[in-house]
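Student: Based on what follows, work out the 3D shape:
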Amino acid sequence: MAIDPRFLADSGHEVFTGNELLVKGALETEGGVHLLSGYPGSPVAGFFDVMSDVAPLLKDKGIRAFQANNEALAVAAMNGVQMMPCRALVAMKSVGVHVASDALALGNLAGAHPQGGAVLIAGDDPWCESTQVPADSRFLCEHLRMPVVEPGDAQQVKDWINLAFKLSVEAGLYVGYIVTVAQADGGGTVQCRPNHYPQNINARQKVALDTAAVNLDRVLLPPRTWRQELKMNDRFAATIARARALGVNRIEPSRENDDVSPIGFIVTGMGGPFLRHVLADLGLAGQFPILQMGMSYPVDTALVSEFSRMCDRMIVIEERRSFLEKQIREGLFQTLPGRDAAMPPAEAAGIASRIFGKSFPDGLAGIPETRGLNPSVLAQILIPLIKATEQIPAALRNGRLSDELKRIRTASKPKLDVVSGRIVARTPTFCPGCPHRDSSATLLETRKNLADPAYMQRVHGRGPVDLVAHGDTGCYTMLMFAPTEQLMHNYSGMGLGAGTGSGIDPFITNKQIVFMGDGTFFHSGQIAISNAIKASQDITFIILENGTTAMTGHQDHAGTDEDMFGNRHYIQDIEGIVRGMAGKSPVIIRRLSPADRAAYKKTLEATILADGVKIIIADKECGITYNRTVLKAERKTIKEKGFLPIKKHMNVTQEVCEDCRECTKQTACPGLTVVDTDYGKKIDTDLTWCVNDGACERVRTSNDYGTSVKPCPSFEEVTVIRKKRKRYMLPNMNLDKLTDPMPIHRMTETG
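Tutor: Purely as a prediction, here's the structure:
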C-alpha cells in the first residue's frame, strides 16, 4: 500500500486536515514517537483513521500504534513506556480524559522519562455539539497538575506536538495538548518538516529492560507521593522557562510599539486565530499588542507583567469558562514558580484591575462562558469594545466597524422556516440498514405490549409492566430522539447504563433494559454486567453485536481479528465472556438476529419478564460495513459481466400507501421520503439512501385493541433480473463524416 506522499514530505507546503496534522506532527517529532494509542471519539476519531492510513510506514519504522480498549488503558500504556527513554502520544475526546484521569494523575506525578516524554491529546468540543457534557479538559489537567498546551492555527497544531514533547522532557511532566472541533475537523496549509523515527529502541529493535536500574521512587505510594509533590513548583518553573524559550508563550508587539496601546489581547487556543481574523476584517491587523499564551497552565505571570506595560487594558480571549484569566489573576498574587517571593500586592492588584475577559469594562458584554467562539461571535463582542474605547484614534473607530457589525447581525438571523412546519427539522437517527433500527422498532412494540393490561393478561397471565430503559454510549444513544425516546430514560456515561439501573433497582418493581454495543462491551460494559450479576439486579442487557466500533467510524475492538493498523490478534467472543462471568448464576443468555422480528419479539418479551440478569446478543452486522461488502461484490460482477444479473430494492406502491407515516414514525429511516403524487402526498424510498434491508417493510402497527397487525401492504421488494447488459441507446455514428461546425458571425454596430 502506497503511503500518502504528504506524510513523507520533508519541506514545502501541504494541505492537511486537523487530525492529519496531529499525525504528521508526531512523525516530525525529534527523536521519533515510539507509541501512538488512545481511544476514538469526536473530534479526534479521525486521528485513528489517519494512523490506519499510514500504518505500513509506522510498522516499517518500528512505531507501535494500537487502539486500547478504553482511555485509561491507553494512558496506562503511556505510563509503561516511560520506563524507557521512549516518547508516547495518546489521543481521546474530552470525556475520555475523565476515564483516564486516575492513570494520568499517577503517571504525571511519577514523571515522564528524562529522555522520553508523554503527551495527551484531548479533543474538546466547545460548542457541545457531539459531546454529552460541556467538558473543558484544561480544568481536569489543572487538577492533575499537567501543563496545558493550546495550539492555535494549523501550523501550530502540527509543530507544537514536537514542542510539547520538549516541555514534557524539561520537567518530566505529562503535557495536555488541547485541540477543539474547529481544529481537528478543520485544517489548512502548513510548512512541512523532515520526519524523525525512533532509532535505538523501537518495535522492530527491542532491548532488554534492566530492572535493577528502574527508579523505584517513581512507584507512587506514600511517602513517595508527597515527596514528588514537593518538587512540583520547580518542575513548573522549568516548564514555564522552556515554553517561553520555545516561543509557545510570546509577545507580539503592535506596529505602534513605542506607545502604550489602549487595548492589548491575551489569547490561547483558537482565540488567537479568531482574533486575528476579526482584526484583519476590520482593517486593524497589527494595531494592538497580542500576548500568545500557548501554555495556559502553569501560567507565566512574569510575561503577563511584562505585557501589562505595553497596554492599558488587557482582554483575555479564550473559549468556554475562564481558565487562562483565572490562572493569571490567581498567579499574580502567588509565589511564582522559580521565585522566592510573590509579586508586591499593589503591583499585582494594579495589573489584575486591568484584566478583562468574561466581563468587559463599561458594562459591555464579555467573552461568553458557554459554548464556543467563531469570528462572527467574537466580532460582535469586540466591535462595541473598540468603538467605546476613546483612547483608540478616531480613524480606527470609523464607520467600517458599524457596517461590519450590522452585516454580521443581519447574516446571523435564521433563514430556515422550521417553526411553521414548512421545513421539517430532522433529528439524528440511525443510518439506513442499521441493525439497531430492528432492535429499537421491536422494543417499541414490546414496550407498548408490556404496558397493555389486556395483552399482558391474555398472553402472559399477569399485570402490565412499565419498562425502564437506562442509557449508554454508542450509536444507540440516538434512542433519545423521536420516535424512540422511551427507550432511553437516563444517561450516566459509556458502559454505565446498567450501573445506573443498579441504583434504582432495589426501589422499583419495573423491569429494566439497557442497550450496549460490542465496542462499549469491551470498553467497560462487561464490568457493568459483572456488577449486575453480583448485585442480583433485575435487568436485561441487549448487546448489539454489529462487528465494529460504529459510533466513532468503524474502528476495531477485541471482537475483531485484525485492528485498523493491520495488527492481528485473537478474537474474544462476547457470548463466551458473558457465560464465563455468569458462572453458576441463573443468567439467561440468548443470541439471535434482530432482523427476524417475530422470533426477536418473542424472545425479548419472555426474557425481559424473567427475573434477574438476562442477556440478549442481537447479532447483526453494521449496515455500512455489510453494504460495503455487497457493493464491492456488485462492482466485481459488473466488471466481469458488464451488468448485475440480480438487483433488489424496496418500493412503495403509491396507490396503496395511505400516508399514515407509521413507517417513518417507527423507524425514522432517512431512506424514506415524502413525494407528491396524483393521489396526494405519499411515502417513497429514496434509492440514493435505501440499502434494501427491509426494516420499513417489517414495521407492524397496533389496532384499537392493542394487538399487532400485519406490516404495511404498500411496501414491496422489487427484483430486477438481467440476462445481458443494457442496450447501448446512442446510434452508431461515423465521427469522421461529421461536418465542420458553422462559424458564428458577430454583428457589429454601425454608425
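Student: So for the lowest-mean-pLDDT helix or strand in the chain, what gets flagged as buried?
Tutor: When the helices and strands of the chain are scored by mean pLDDT, DSSP states H and E, helix 662-667 comes last with a mean of 78. Going by neighbour count (16 or more other C-beta atoms under 10 Å), the buried part of helix 662-667 is Glu662, Cys663, Thr664, Gln666, Thr667. Just so you know, the C-beta spots here come from the backbone N, C-alpha and C atoms, and that holds for glycine as well.
Student: roughly how far is that helix from the heart of the chain?
Tutor: 29 Å (C-alpha atoms, centre = their mean, to the nearest Å).
Student: For the next helix-or-strand element following that helix, which strands pair with it and how are they oriented?
Tutor: For helix 662-667, the following helix or strand on the C-terminal side (DSSP states H and E) is strand 672-677. Sheet pairing of strand 672-677 (DSSP bridges) gives strand 680-685 (antiparallel).
Student: Now the partner strand: buried residues?
Tutor: Lys682, Ile683, Asp684, Thr685.
Student: Any stretches of the stretch 301-450 of the chain with poor pLDDT?
Tutor: 336-341, 414-426 (pLDDT under 70).
Student: and if we set it to 50?
Tutor: 338 (pLDDT under 50).
Student: What ranges does it have for its helices?
Tutor: Along the stretch 301-450 of the chain, the stretches classed as helices by DSSP state H, counting those that start in this stretch are 301-308, 324-332, 345-352, 375-388, 399-411, 435-450.
Student: nearest residue to Thr637 other than its sequence neighbours?
Tutor: Distance criterion C-beta to C-beta, 6 or more residues apart in numbering; nearest residue to Thr637, sequence neighbours excluded, is Leu644 at 5.9 Å.
Student: Just give me the neighbour total for the one you found.
Tutor: 15 (other C-beta atoms under 10 Å).
Student: my guess is Arg250 is in a strand, correct?
Tutor: Yes - according to DSSP: H, G, I helix; E, B strand; the rest coil, Arg250 belongs to a strand.
Student: surely it meets Ile266?
Tutor: No - the pair Arg250 / Ile266 is not scored as a contact, 11.7 Å apart, by C-beta atoms under 8 Å.
Student: ok so, going back, generate JSON lines for the buried residues of helix 662-667, with distance to Leu401 as supplementary columns.
Tutor: Compiled in JSON lines, these are given as follows (distance: C-beta to C-beta, whole Å):
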{"residue": "Glu662", "distance to Leu401": "55"}
{"residue": "Cys663", "distance to Leu401": "54"}
{"residue": "Thr664", "distance to Leu401": "49"}
{"residue": "Gln666", "distance to Leu401": "54"}
{"residue": "Thr667", "distance to Leu401": "51"}
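Student: if we can go back for a sec, can you tell me which helices and strands the least confident helix or strand of the chain packs against?
Tutor: Where contact means 3 or more C-beta pairs under 8 Å, 6 or more residues apart in numbering; DSSP states H and E, helix 662-667 is packed against helix 435-450.
Student: what comes up buried for the helix it packs on?
Tutor: Using 16+ other C-beta under 10 Å as the burial criterion, the residues of helix 435-450 that qualify are 435-447, 449-450.
Student: ok so, going back, may I ask which two of the buried residues of helix 662-667 are separated the most?
Tutor: Within the buried residues of helix 662-667, Glu662 and Thr667 form the most distant pair, 9.2 Å apart (C-beta to C-beta).
Student: can you tell which of the helices of the stretch 301-450 of the chain is closest to Asn651?
Tutor: helix 435-450 (18.9 Å).
Student: Does anything pack onto that closest one? Which helices or strands?
Tutor: helix 453-459, strand 512-517, strand 539-545, helix 597-609, strand 613-619, helix 662-667.
Student: Measure how that helix sits relative to strand 512-517, angle-wise.
Tutor: Computed by axes from the mean of the first three to the mean of the last three C-alpha atoms, to 10 degrees, the angle separating helix 435-450 from strand 512-517 equals 170 degrees.
Student: Pull the distance from helix 435-450 to the chain's centre.
Tutor: Using C-alpha atoms, centre = their mean, the offset of helix 435-450 from its chain centre is 28 Å.
Student: Kindly export that helix (C-alpha atoms) in CSV.
Tutor: C-alpha atoms of helix 435-450 as CSV (Å, rounded to 0.1, in the frame of the first residue of the first chain):
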residue,chain,number,x,y,z
PRO,A,435,-29.3,-3.2,12.8
HIS,A,436,-30.2,-1.1,15.8
ARG,A,437,-33.3,0.0,13.9
ASP,A,438,-34.6,-3.6,14.0
SER,A,439,-33.9,-3.7,17.7
SER,A,440,-35.4,-0.4,18.6
ALA,A,441,-38.6,-0.9,16.5
THR,A,442,-39.2,-4.2,18.1
LEU,A,443,-38.5,-2.8,21.5
LEU,A,444,-41.0,0.0,20.9
GLU,A,445,-43.7,-2.6,20.1
THR,A,446,-42.7,-4.8,23.0
ARG,A,447,-42.8,-1.8,25.4
LYS,A,448,-46.3,-1.0,24.2
ASN,A,449,-47.5,-4.6,24.6
LEU,A,450,-46.0,-4.9,28.1
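Student: All set now, cheers.
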